[in-house]
Every structure is written in structure tokens, then in C-alpha cells.
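> heads up, no residue letters with this:
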């Protein structure tokens with residue numbers, strides 16, 4: 001794809017973008033503010049820019065007069081880049097270059113770390129835990145009339161060097177007929193043990209050669225959503241994927257509320273039924289999208305937090321929330337998926353990721369495995385950002401972990417206009433330091449209808465830098481802005497006026513919204529501080545940060561550091577895994593080596609219960625400010641705020 005260089009004047013900032021990129025997104029990426037409030041749909045007409053050199057497609061609107069168009073004016077939210085450009089952004093004549101350079105900083109997003117199957121192959125680790133072996137057996141005769149099972153096992157040993165084989169009774173029941181129906185040409189499906197001294201289990205016999213159909217499913221059992229993928233274990237290809245909301249949401253948005261519900265009459269059975277319903281719905285979709293038969297799937301690898309895992313398996317989670325916070329088990333044996341109601345064939349084996357403690361479950365262990373931090377020399381901070389925020393710190397020699405109840409703010413919950421990351425969600429925001437007018441981008445470039453988690457972080461950070469809110473998240477009422485107002489006793493800043501929204505009312509951010517975010521980010525940052533202090537280290541010792549969760553790679557790292565969610569580190573040392581739970585489940589499906597490493601990793605992870613760690617509350621109280629009471633831990637931000645003093649009113 002062609003790439004084009006854009007120069008924004010009078011800022012004198014440059015950025016290279018793909019052909020067809022929307023101009024306003026390029027401006028946002030490079031830190032150039034353009035007034036815009038409609039999210040990118042072209043209805044507000046505020047994002048007027050002048051194309052001084054180069055070519056764009058579209059960008060025209062009834063908001064522009066013929067005279068404006070003749071002068072080169074276009075709407076940045078509609079204009080598509082088709083060549084190198086020189087773009088002038090109209091600004092007030094008395095805004096000097098110093099202010100322009102402070103208007104906004106270029107966006108820093110985390111490097112996306114993806115699953116590298118080739119690396120597994122190069123290391124000789126692409127050995128899936130499930131393999132198929134084709135056999136053409138000699139038919140029995142009067143002279144060779146050994147038992148069918150013995151015949152099969154004998155030839156698997158001779159032709160494929162397969163040893164320590166076992167077979168369940170249900171497979172034995174099908175074997176005689178299948179052998180004769182297929183003229184003794186059959187395929188045996190073998191599941192490898194986790195322990196090297198374990199038995200190889202024959203779980204299915206099929207007539208003919210089906211070795212080209214070796215399929216598995218990886219699935220993340222999340223508190224909010226459940227995601228699944230169909231995997232081709234021969235090629236390593238993902239054949240399909242799909243996600244849906246966990247039907248348990250109706251009984252509580254967080255794990256604590258679900259545990260409480262599970263203690264009611266029939267509560268546990270209800271929650272298990274609901275999660276299995278969602279699992280089967282996701283399975284149905286990915287099987288349909290992949291164009292395969294349900295009976296072609298041999299294994300399903302599941303990863304979820306401790307509560308979700310126990311609810312899935314029908315095990316009471318009530319003791320997870322009571323001191324001393326004890327899970328039913330950290331390890332679960334393989335079992336037939338159909339035994340818990342998962343709609344797969346009888347031979348399909350379910351493999352459940354082990355957990356560490358009551359609130360550090362298999363999803364986090366899967367993330368640690370997927371990230372590879374357990375093989376790294378670097379001191380790494382792993383953060384899974386969500387309602388139940390989990391943190392792991394360590395390297396190949398040791399790891400400590402904990403969980404902090406951050407609340408739903410990162411996922412749009414507890415926020416007046418909060419929503420999950422979907423079309424129409426405000427995902428990015430900038431503010432003019434002189435006029436304090438906003439620049440808003442939405443997912444899908446449509447009129448706004450709410451605020452997603454990454455958008456909330458950026459909004460609060462920008463408002464703080466502009467002096468619209470103080471370090472406690474309170475609005476500066478002395479500014480006299482019409483956007484800052486009190487409604488029903490609550491102070492708010494209007495992000496989008498009613499006529500530019502999808503919901504026929506103003507979209508605003510309130511002081512309680514900001515307070516919810518401050519509490520959420522404070523829980524995460526102070527949890528990391530606490531873990532480090534317990535092992536004699538500090539935030540400054542962190543060498544690498546790995547992020548996981550539903551934010552997406554679009555989160556602005558600098559803004560996450562501005563509010564004190566992340567420690568102030570070089571953005572180049574931050575990577576993003578996405579759904580790390582699903583990644584770990586996928587990797588375990590492709591390599592038996594990873595499954596064998598899991599047990600050792602779990603045993604090397606030391607859990608800290610924050611409720612039982614006295615220093616946590618002290619750290620938490622210090623983190624209930626933007627960015628923190630200790631501004632010395634954020635030197636880059638402190639320097640920026642000093643420069644902004646001369647600009648902010």
C-alpha cells in the first residue's frame with residue numbers, strides 16, 4: 001500500500017500514513033489539535049483545514065461554502081489522503097509557536113506482540129498435544145487373530161513409535177465396527193499427557209485417513225465476554241473466531257456479585273448453565289464460520305479467572321471471597337468436554353488452565369505463558385487491565401502476583417455515558433489549550449453515543465493537562481466555560497452538544513466519572529507498588545511493561561502515564577498482547593511443551609492478597625490523585641506541567 005507524508009502547518013509536524021487514511025486521524029496521531037465534536041461524521045463542520053499542497057478525496061460538505069472550497073478548505077474528518085500533503089490548520093493569530101508545541105504530544109501506542117508460530121517451528125516446539133496417526137492394518141486371519149485393540153496398539157508402536165498408549169471403554173466399543181467398515185484403514189487420535197511420564201491416550205478412531213483434519217478450540221472464559229477460536233493443528237492457522245457477552249452478566253457484572261449469587265438457592269446451577277450456554281453459542285458460531293463438523297474438534301483449551309473456572313465446572317466459588325481466600329484447586333484434570341454440557345462430541349477433551357490463587361486464575365497464567373515473560377531476564381510488569389485487574393511482576397527466576405478490584409470504569413461501567421468499545425464510542429480526545437474546545441474521534445468515525453475505556457483515560461489526562469480539572473479530578477469552575485456546568489448537583493464538562501450526538505442529548509464527563517477512573521487506576525498502580533515493595537524493589541526498577549485486556553492497542557501510553565495508571569517508562573518498552581488469556585490457550589493448543597511448562601510457572605508464582613498486605617492501603621491512598629501524590633515518580637509529566645503553567649488559565 002502506498003504511503004504519504006503529511007506536513008501540518010503552522011505546527012510543522014510531519015507524519016507518514018497509508019493511502020486513504022482519514023486526515024483528522026493523522027492529525028490526532030501526530031498531536032495536532034483540530035476542533036471537532038461530531039466524532040468524524042462531518043456534521044459539526046468544525047474541523048476545517050486548508051489543503052495547501054497535495055490531493056485528498058472527499059472532505060466536502062454543505063458546511064463549506066463554494067468560496068471556502070475554492071480556497072482549499074476541506075473537513076479533516078471526511079478528507080482521505082491520496083498524496084503527500086501540506087495542510088494548514090487555522091489557529092488564532094496570537095497563538096505563538098511555544099503554545100502550538102504544547103497543544104498535544106504525539107500519540108504513543110504499545111507495540112503489539114503477536115503469536116509467532118514460525119518461532120515455535122524454528123525451536124522445534126510446534127508439537128501439538130493432539131496428533132492423528134493413520135494406519136493400514138492387516139486384516140485378521142485364522143493364523144493372526146489377535147484382539148482388535150492389541151492389533152491397533154501393536155501397529156501404532158511399530159509404524160509410528162507410539163508407546164504408553166491407553167484407550168477408554170467408549171473408544172473400545174466403537175473400534176470393532178470401525179475397523180471393518182474402513183477395511184482396517186483407520187486414523188487414531190492421540191492426546192499427549194502433560195507429564196512426560198504420563199500415558200498417551202487414544203480418544204477417537206475414525207475410518208479412513210483423516211489426518212488432514214486435526215482441529216482444536218481455544219477459548220477465553222471472561223467475566224464480561226467469552227471468545228473462541230478454531231485452530232488447525234496441522235498448519236497452525238486460525239480458521240475462525242467469535243466472541244459474545246457472558247450470559248452471567250445478568251446476575252452481576254463482577255466476580256464478587258456472581259459469587260454472592262452462587263450462594264443462593266440454585267444460584268450455582270444457574271450460573272453454570274448460563275456460562276455453558278454462552279460457550280456453546282460461541283462454539284456454534286466459530287464452527288459455522290470455519291465450515292467444519294462439530295465432531296472434528298478433538299480438544300478445547302479453556303482459560304478463565306478462578307471464579308469463572310469454578311462456575312464453569314460447577315464448583316462452588318464461595319470460599320474464594322472469604323479469608324483466607326482458598327480456591328477449590330489450582331490444577332484441574334483433563335475431562336470430556338461433554339461432561340459439563342459443552343456441545344462437542346464425546347471424544348473431545350477439555351483442558352483447563354491452572355490458577356495460582358483466589359483472584360489470580362488461569363487467565364493470568366495463560367497470559368504469562370503467552371507473553372513469554374517467564375523466559376525473560378528483564379524485570380517485567382504484566383498488567384491485565386479490567387474490572388478485576390491482575391498484576392504479575394518478575395522474570396524467569398521468580399514472579400509475584402496479585403489482583404486488585406479496579407471496578408468497571410476501564411470497560412465503560414460506572415461512567416455516566418460509559419460504553420464498551422463499539423461503533424460510536426469516543427475513543428480519542430484532544431483539547432485546545434487556548435479555547436478549551438475539544439477534538440473528538442469515535443470508533444467508526446460516526447456521531448458519538450458514549451465513552452469507552454481508552455477514551456476515558458485520554459479525556460481525563462487532557463483535561464488535567466489543560467487545567468480544566470485539578471489533581472483530585474475536580475473542575476476548575478473559575479474558567480467560566482459554558483461546557484463546565486452543574487446539573488442536578490453534579491459538575492460536568494460537556495464533550496459533545498446534543499445536536500452532534502446519536503442519543504439526542506449532551507454527552508458529558510462528570511466529577512463522579514473521573515473519581516471512578518481515579519479509584520480504578522489507583523488500585524492498579526498501588527497494587528504494583530505494593531508487590532515491588534514486598535520484594536525490595538521500586539517502580540523505577542521495571543524494565544518492561546506488558547499490557548493485556550480489552551483496551552486494544554489504541555490506548556495512548558503517555559496519557560495512561562499522565563493519569564497514573566502506568567508507571568512513567570519509555571513507551572518503547574511497553575507491549576500489548578490483547579486478549580492474553582486467549583493467546584495462552586491458543587499457544588497451549590499448538591505446543592505440548594508450553595502445557596508442560598505451565599505447572600512449573602504456577603509453582604514459581606507467589607501470590608499476595610492485598611487485603612492482608614498492610615502497605616497496600618497506604619499506597620492506594622497516595623494513588624487517588626492525578627497522577628499521584630508523589631509527582632517525583634513522573635518527572636516527564638512534571639516538566640510538561642511546568643511548561644503548561646504559562647498557558648493554562
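The structure has been received and is ready for your questions. The model shown is predicted, which means the values in this text are computed figures rather than measured ones.
> Walk me through the domains of the chain.
For the chain, automatic domain parsing gives the domain ranges 1-90, 129-207, 215-352, 372-407+524-644.
> Need those domains in CSV (columns: mean pLDDT).
Below are the domains of the chain laid out as CSV (pLDDT from 0 to 100):
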stretch, mean pLDDT
domain 1-90, 89
domain 129-207, 91
domain 215-352, 94
domain 372-407+524-644, 89
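> Include distance to residue 413 and mean neighbour count when you put the ones you listed into JSON lines, please.
Any C-beta I mention is one placed from the backbone N, CA and C, and that applies to glycine too. Formatted as JSON lines, the domains of the chain follow (distance: least, Cβ to Cβ, whole Å; neighbours: other Cβ atoms under 10 Å):
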{"stretch": "domain 1-90", "distance to residue 413": "21", "mean neighbour count": "18"}
{"stretch": "domain 129-207", "distance to residue 413": "37", "mean neighbour count": "15"}
{"stretch": "domain 215-352", "distance to residue 413": "6", "mean neighbour count": "19"}
{"stretch": "domain 372-407+524-644", "distance to residue 413": "7", "mean neighbour count": "20"}
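> Out of those domains, the one nearest residue 495 is which?
Evaluated over the domains of the chain, closeness to residue 495 peaks at domain 1-90, with 7.5 Å, by Cβ to Cβ.
> what about the closest one, start to end distance?
Distance across domain 1-90, first residue to last, is 30 Å (Cα to Cα, to the nearest Å).
> Quick one: closest of the domains of the chain to residue 428.
Evaluated over these, closeness to residue 428 peaks at domain 1-90, with 5.5 Å, by Cβ to Cβ.
> follow-up on the earlier one: present the domains of the chain as CSV; the columns should include distance to residue 362.
Shown next, in CSV, are these (distance: least, Cβ to Cβ, whole Å):
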stretch, distance to residue 362
domain 1-90, 36
domain 129-207, 14
domain 215-352, 5
domain 372-407+524-644, 8
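> Of the ones you listed, which is nearest residue 493?
Nearest to residue 493 among those is domain 1-90 (12.4 Å), distances taken as Cβ to Cβ.
> any idea how far the closest one is from the chain center?
Relative to its parent chain, domain 1-90 has a centroid offset of 31 Å by Cα atoms, centre = their mean, to the nearest Å.
> Could I get the full set of strands for the stretch 501-649 of the chain?
For the stretch 501-649 of the chain, the strands defined by DSSP state E, counting those that start in this stretch occupy 507-510, 544-549, 574-578, 605-607.
> Any idea which of these gets closest to residue 233?
That would be strand 574-578 among those, by Cβ to Cβ, at 21.7 Å.
> do you know which of the domains of the chain lies nearest residue 458?
domain 372-407+524-644 (4.7 Å).
> So what would you say the end-to-end distance of that closest one is?
40 Å.
> again with stretch 566-582
OK, stretch 566-582 end separation, Cα to Cα: 23 Å.
> To residue 496, which of the domains of the chain lies closest?
domain 1-90 (5.1 Å).
> Residue 417 is nearest to which of the domains of the chain?
domain 1-90 (12.7 Å).
> just to revisit the earlier point, of the domains of the chain, which approaches residue 489 most closely?
Evaluated with Cβ to Cβ, those place domain 372-407+524-644 nearest to residue 489, the distance being 22.0 Å.
> quick one, which of the strands of the stretch 501-649 of the chain is nearest to residue 162?
Residue 162 lies closest to strand 605-607 among these, at 34.3 Å (Cβ to Cβ).
> In its sheet, which strands sit next to the closest one, and in what direction?
When pairing is defined by DSSP bridges, strand 605-607 lines up against strand 399-405 (parallel).
> Other residues contacting the partner strand?
254, 256, 356-357, 359-360, 364, 368, 373-374, 387-394, 523-524, 526-527, 530-531, 534-535, 601, 604-610, 613 (Cβ atoms under 8 Å, 6 or more residues apart in numbering).
> Let's see that with 7 Å instead.
Identification of contacts with strand 399-405 by Cβ atoms under 7 Å, 6 or more residues apart in numbering yields 356, 359-360, 364, 374, 388-394, 523-524, 527, 531, 534-535, 604-608, 610.
> coming back round to it: mind putting the strands of the stretch 501-649 of the chain into a markdown table with distance to residue 245?
Output for the strands of the stretch 501-649 of the chain, formatted as a markdown table (distance: least, Cβ to Cβ, whole Å):
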| stretch | distance to residue 245 |
| --- | --- |
| strand 507-510 | 23 |
| strand 544-549 | 16 |
| strand 574-578 | 18 |
| strand 605-607 | 29 |
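> so which of those comes closest to residue 214?
Among the strands of the stretch 501-649 of the chain, strand 574-578 sits nearest to residue 214 (Cβ to Cβ), with 25.5 Å.
> which other helices and strands contact that closest one?
Strand 574-578 sits against strand 111-112, helix 362-371, strand 544-549, with contacts defined as 3 or more Cβ pairs under 7 Å, 6 or more residues apart in numbering; DSSP states H and E.
> just to revisit the earlier point, of all the domains of the chain, which one comes closest to residue 492?
Minimum separation from residue 492 across the domains of the chain (Cβ to Cβ) falls at domain 1-90, 15.4 Å.
> hang on, the earlier thing: among the strands of the stretch 501-649 of the chain, which is nearest residue 590?
Of the strands of the stretch 501-649 of the chain, nearest to residue 590 by Cβ to Cβ is strand 574-578, at 16.2 Å.
> next one: that closest one to chain centre, how far?
Remark: strand 574-578 is offset 9 Å from the chain centroid, using Cα atoms, centre = their mean.
> Also stretch 485-495?
From the chain centre to the centre of stretch 485-495 is a distance of 32 Å (Cα atoms, centre = their mean).
> for that stretch, how far is the first residue from the last?
OK, stretch 485-495 end separation, Cα to Cα: 12 Å.
> Name the residues that touch that stretch?
For stretch 485-495, contacts defined as Cβ under 7 Å, 6+ apart pick out 426, 438, 440, 463, 468, 475, 483-484, 506-512.
> hmm, 10 Å instead?
For stretch 485-495, contacts defined as Cβ atoms under 10 Å, 6 or more residues apart in numbering pick out 37, 39, 416-417, 426, 429, 431, 436, 438, 440, 448, 451, 455, 459, 463, 468-469, 474-477, 479, 481-484, 501, 506-514.
> Buried ones in that stretch, by neighbour count?
491, 492, 493, 494, 495 (16 or more other Cβ atoms under 10 Å).
> helix/strand/coil for the third one?
For residue 493, the secondary-structure state derived from DSSP: H, G, I helix; E, B strand; the rest coil is strand.
> bridging residues for it?
Residue 493 forms beta bridges with residue 484, residue 509, as assigned by DSSP bridges.
> which residues touch the spatially most central residue of the chain?
Nearest to the mean C-alpha position of the chain, by Cα atoms, centre = their mean, lies residue 549 at 2.7 Å. The contact partners of residue 549, by Cβ under 10 Å, 6+ apart, come to 222, 367, 383-387, 389-390, 410-411, 453, 555, 576-581.
> again, only using 6 Å
Neighbour list for residue 549: 384, 385, 386 [criterion: Cβ atoms under 6 Å, 6 or more residues apart in numbering].
> list the contacts for the first one?
It refers to residue 384. 367, 390, 548, 549.
> Just the ones of the contacts of strand 399-405 in helices?
364, 523, 524, 527, 531, 534, 604 (DSSP state H).
> Kind regards, and thank you for your time.
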